[in-house]
Every structure is written in structure tokens, then in C-alpha cells.
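Chemist: compute the structure for the input listed below.
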Amino acid sequence: MSSLDILPDELLLIIFDLINVYTLLQLRSVCKKFDRISSEVLNKKSNRLLVTNQMSKKFRERCKPQLPSYKRKFITHYNWKYGTPLKREVNNLGPRETTRDIRINKKCLKMTKNTIWFYDTDILSAVSRTKNGNITTNIKCGTCSCQFSSIAYCNDIIISGHVDGSIRHWRIGSQNNINNFQQLKAHSNVYGEYVSNIEATKQHIISSSSNLIKIQKNTFKDSAEENEPIYKSRKLIQSISLHPTETKVAASTEESFLIYDINAKYFSCLVMDERINDNTCSQLLWEDPHTILMLYERQIQKLDTRTPNFVRTWNTSVLKKNPKLHSFSSDYLYTIMTGTDIGSVLLWDQRVNDCIRTYQISLVRSNPVLSVQFDSFYMYAITELRGVIQYNFKFGVTFNSAQRKEYFSNFI
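Modeler: Numbering: from 1, shown residues only. Purely as a prediction, here's the structure:
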């Protein structure tokens with residue numbers, strides 16, 4: 001028995017936590033005990049990296065490729081922060097004319113584990129992702145008689161809101177019709193105007209127009225309760241977001257931040273009503289059971305619902321061009337991506353105040369990024385003047401043995 005065998009695992013964990021990643025990778029080859037303890041420490045260190053965490057359930061749901069090794073996790077972190085990603089355009093639909101000038105999202109995308117879903121005015125499209133995360137060239141499309149204004153995804157069904165106030169259900173067609181969407185149900189006259197936001201669970205559809213929030217049963221049958229609003233006011237509703245447990249919904253208006261219990265009887269339980277900022281929050285993202293990310297024109301703020309107070313702020317004033325923010329997405333841990341009004345996407349680390357990376361999606365500066373999503377290896381963005389653009393961060397860095405030792409030694 002060696003002297004190392006006498007040391008308890010708790011003490012070795014403390015010691016190994018002080019060792020850099022390169023040495024930990026070498027220690028894995030010493031013995032089974034070192035392999036087990038080194039792996040535990042490496043797992044903890046790798047979960048602190050940007051865009052590479054696999055901890056969040058929501059993030060895993062849209063991660064097609066899984067990071068196969070600790071080396072790949074740290075190299076991928078490097079690629080996101082410093083590397084040059086491979087750029088590819090998924091579909092160039094170009095600018096499309098619309099007969100109505102309404103304040104709606106004319107384009108939007110949603111990422112799921114196997115598919116990229118997106119719409120452009122009256123066309124709904126889907127692109128499949130293979131096992132390694134690469135997108136296919138086969139684009140599935142469906143045309144609607146009314147322009148799209150919002151979409152949600154639930155249980156392999158796309159639920160869409162439209163400018164005529166209707167809500168519709170879609171899925172990809174049968175094997176004999178694999179390139180088209182099949183419309184399953186249309187709920188007409190839900191609103192007298194466009195559906196600006198929509199969220200869905202297996203039981204409920206939560207949607208909003210300019211000054212109404214409604215909850216209806218997520219069913220293909222007609223529901224007597226579908227026209228009962230839980231919010232009605234003159235104040236303009238900007239955004240809604242589902243709680244991670246799908247039991248509550250948050251909403252931002254011109255003046256207030258609201259939380260409703262969607263499982264309450266008669267859908268009438270107002271949990272919180274707070275005036276939190278003089279500015280208008282354009283988008284909400286419920287990050288964990290107690291914190292919400294809120295997107296403003298020039299900043300992102302994190303709200304703790306238990307207080308409620310802002311606990312962190314990230315401001316575009318740290319950038320020379322000080323762009324306006326149009327959209328954002330999160331890995332529900334450290335990484336935030338924001339689309340701007342000048343055709344770029346910004347990468348933020350929640351542990352620092354400054355933006356750490358800018359990706360110029362479009363050379364046309366007056367081309368805002370309307371929607372952005374990402375997983376461990378890929379980022380997808382859709383802009384006003386172009387189709388969906390994919391950035392691949394999986395490759396781009398080649399290390400020899402000396403460079404690998406120098407690189408991994410920087411991670412403590």
C-alpha cells in the first residue's frame with residue numbers, strides 16, 4: 001500500500017483542485033483512484049467554461065452534439081472566446097414585403113435538439129440536424145394564409161401566433177409528405193389583433209397581444225376557457241416567459257413586472273406585480289427558479305424574484321459603438337448571446353461586466369439580428385435582411401503537444 005492510498009478522497013480533491021488542467025489530464029493515467037478524482041475535478045472545472053456546460057436541462061434539450069472529452073470542452077471554450085468560427089448560411093429568403101406595418105417579429109427562430117425552426121412572414125421552415133450537429137440541406141417549408149408573429153415549441157409540435165389573432169398547431173408531415181408542414185388546428189379569434197408572444201406547456205398555451213394575456217388548454221379541441229384573460233390593461237405587453245417548472249409565467253409591460261401562477265384555479269393568481277425600472281424591458285428569459293434575465297435597449301439585467309432586486313447588469317456602454325440590443329439567448333449558467341441593431345452578436349460571461357466577444361453576422365450595419373440561439377458547438381442567428389446563419393465553433397484550433405501543454409496549463 002502506498003502513502004497516497006492512506007490519504008482520504010476529500011483531501012485529494014482539495015489538492016487536485018489546485019492543479020492545472022494539463023497536469024490533471026496526465027494524472028488520470030496514474031491509477032484508477034487518480035483517474036476518478038481527476039475526472040471529478042475536471043468535470044467541475046469544465047462546467048465553469050463558456051458555452052460548454054451540460055448542466056442545464058433546457059440547454060441540453062437544444063444540444064445535439066455532446067462534448068466527448070475534457071480536452072474538447074476546453075478547446076471549445078477557446079474557440080468561442082478566441083477562435084474563428086466557420087460561417088454558413090442555412091437559407092437566404094431575402095427581404096419579404098408585407099402588406100401590414102405592425103410591430104411584430106417578422107422573423108424568428110427556435111432551436112431544438114434535432115431541428116432549427118424559423119419563420120419569415122408567412123413561411124414556416126425547419127432544418128434537421130444530424131447526430132454530429134451538422135444541418136442538412138433539406139429544408140421543410142409550410143405556407144400560411146396569415147403572417148406569423150410568434151412561435152413556441154412543445155412536444156414535437158410548433159404552436160404559432162399570427163397577425164390576425166389566431167393560434168395554430170403545426171408538425172412535419174407524414175413519411176409521404178416529409179418536406180411539408182401539416183396544420184393540425186387553428187384557434188380563430190383568440191385576439192382581435194396580432195399575437196405578439198406565445199409560450200406552451202403540455203397542458204397550457206400562454207399568449208399575449210398588445211394589452212392582453214390569455215391562457216388556454218393545449219388541445220386540438222375547442223376550449224370554453226380559451227378567451228379568459230389573466231391580464232387586461234392599457235399598458236403595452238412586451239414579453240412573456242415560462243418558469244422552468246412550467247407552473248408560472250412572467251410578463252413585462254411598459255411599467256411593471258408581473259408573475260402569474262398558471263395552475264391556479266380560473267387562472268387568476270397574481271403572484272407578483274412590481275414596478276422595477278423606468279425603462280421598458282423588451283424580452284424576458286427565466287433562467288432558473290429564482291432569477292430572470294431582462295433585455296433592455298442598451299443593457300441586460302438579472303432580477304432576483306425573491307427580493308425583487310437587480311443583482312447584475314451588463315451594459316453596451318462598454319463597447320465603442322454602443323449598439324442597441326434586439327434579442328438574446330442563454331445557456332442558463334454563465335453564457336449570454338445578444339443580437340444587436342448593427343448586424344452583430346455579442347458574447348457575455350455573467351461573471352464579468354464587459355462583453356468578451358463580438359461576432360459580425362452581417363456586413364450591412366443596418367441589419368438587426370432579430371433572433372439568436374446556440375448550443376455547445378453552434379450559434380444560429382436570423383437577421384432582418386437575410387436568412388438563418390450558422391456559426392460552427394467545433395473546429396478551428398489545432399494544437400501540437402507543446403501548445404497543448406501551454407494552453408491547458410492556463411486553466412487552474
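Chemist: dump the residue contacts of the spatially most central residue of the chain.
Modeler: The chain has residue 329 as the residue nearest its centroid, 3.6 Å off, counting by C-alpha atoms, centre = their mean. Residues in contact with residue 329 (C-beta atoms under 8 Å, 6 or more residues apart in numbering) are 285, 336, 337, 372, 373, 374. Yep, even glycine has a C-beta here, placed from its N, CA and C like the rest.
Chemist: isn't residue 386 up against residue 89?
Modeler: Yes: the criterion here is C-beta atoms under 8 Å, and residue 386 meets it with residue 89 at 7.1 Å.
Chemist: okay, the two: which has more neighbours?
Modeler: Set side by side, residue 386 and residue 89 show more neighbours around residue 386, with 22 against 10, by other C-beta atoms under 10 Å.
Chemist: can you tell me the SS state at that one?
Modeler: Counting by DSSP: H, G, I helix; E, B strand; the rest coil, the backbone at residue 386 sits in coil.
Chemist: swap in residue 389?
Modeler: Applying three-state DSSP: residue 389 is strand.
Chemist: count the residues that sit near it.
Modeler: For residue 389, the tally of surrounding residues (other C-beta under 10 Å) stands at 22.
Chemist: next up, the contacts around it.
Modeler: For residue 389, the contact set (C-beta under 8 Å, 6+ apart) comprises 87, 88, 89, 90, 361, 380, 381, 382, 383.
Chemist: partner residues bridging it?
Modeler: For residue 389, the beta-bridge partners are residue 89, residue 381 (DSSP bridges).
Chemist: what's the spacing between it and residue 316?
Modeler: 21 Å (C-beta to C-beta, to the nearest Å).
Chemist: how about residue 366?
Modeler: 17 Å.
Chemist: which ones are touching residue 127?
Modeler: By C-beta under 8 Å, 6+ apart, the residues touching residue 127 are 90, 91, 115, 116, 135, 136, 138, 139, 140, 388.
Chemist: swap that for residue 192, please
Modeler: With C-beta under 8 Å, 6+ apart, residue 192 has these contacts: 165, 209.
Chemist: ok, the nearest residue to residue 58 once chain neighbours are set aside to residue 54 distance?
Modeler: Once flanking residues are discounted, residue 58 sits nearest to residue 332: 5.2 Å by C-beta to C-beta, 6 or more residues apart in numbering. From residue 332 over to residue 54 the distance is 11 Å, taken as C-beta to C-beta.
Chemist: measure the residue nearest to residue 58 to residue 57 for me?
Modeler: Going from residue 332 to residue 57 by C-beta to C-beta gives 8 Å.
Chemist: more crowded one of those two?
Modeler: Taking neighbours as other C-beta under 10 Å, residue 332 and residue 57 compare with residue 332 leading, 21 against 9.
Chemist: could you check the pLDDT of that one?
Modeler: With respect to pLDDT, residue 332 scores 93.
Chemist: before we move on, what about residue 225?
Modeler: Reported pLDDT at residue 225 in the predicted model: 50.
Chemist: could you do residue 2 as well?
Modeler: pLDDT, read off for residue 2, is 65.
Chemist: with the one 3 residues further on instead?
Modeler: The pLDDT attached to residue 5 in the predicted structure is 70.
Chemist: then residue 205?
Modeler: pLDDT, residue 205: 93.
Chemist: same question for residue 28.
Modeler: 89.
Chemist: and it, how many neighbours?
Modeler: By other C-beta under 10 Å, 16 other residues sit near residue 28.
Chemist: just give the number of residues close to the residue lying closest to residue 167 once chain neighbours are set aside.
Modeler: Nearest non-adjacent residue to residue 167, counting by C-beta to C-beta, 6+ apart: residue 187, 4.4 Å away. Neighbours of residue 187 under the rule other C-beta under 10 Å: 23.
Chemist: what does residue 121 give?
Modeler: Look at residue 121: counted by other C-beta under 10 Å, it has 21 neighbours.
Chemist: do you know how far it is from residue 111?
Modeler: 20 Å.
Chemist: check residue 372 too.
Modeler: Distance from residue 372 to residue 111, by C-beta to C-beta: 10 Å.
Chemist: then residue 374?
Modeler: For residue 374, the distance to residue 111 equals 8 Å [C-beta to C-beta].
Chemist: spit out the residues that contact the two alike.
Modeler: With C-beta under 8 Å, 6+ apart as the test, residue 374 and residue 111 both reach residue 380.
Chemist: ok now the helix ranked longest in the chain, how far from the chain's centre?
Modeler: Ranked by residue count and defined by DSSP state H, the top helix of the chain is helix 32-46. On the basis of C-alpha atoms, centre = their mean, to the nearest Å, helix 32-46 sits 30 Å off its chain's mean C-alpha point.
Chemist: sweet, I'm off.
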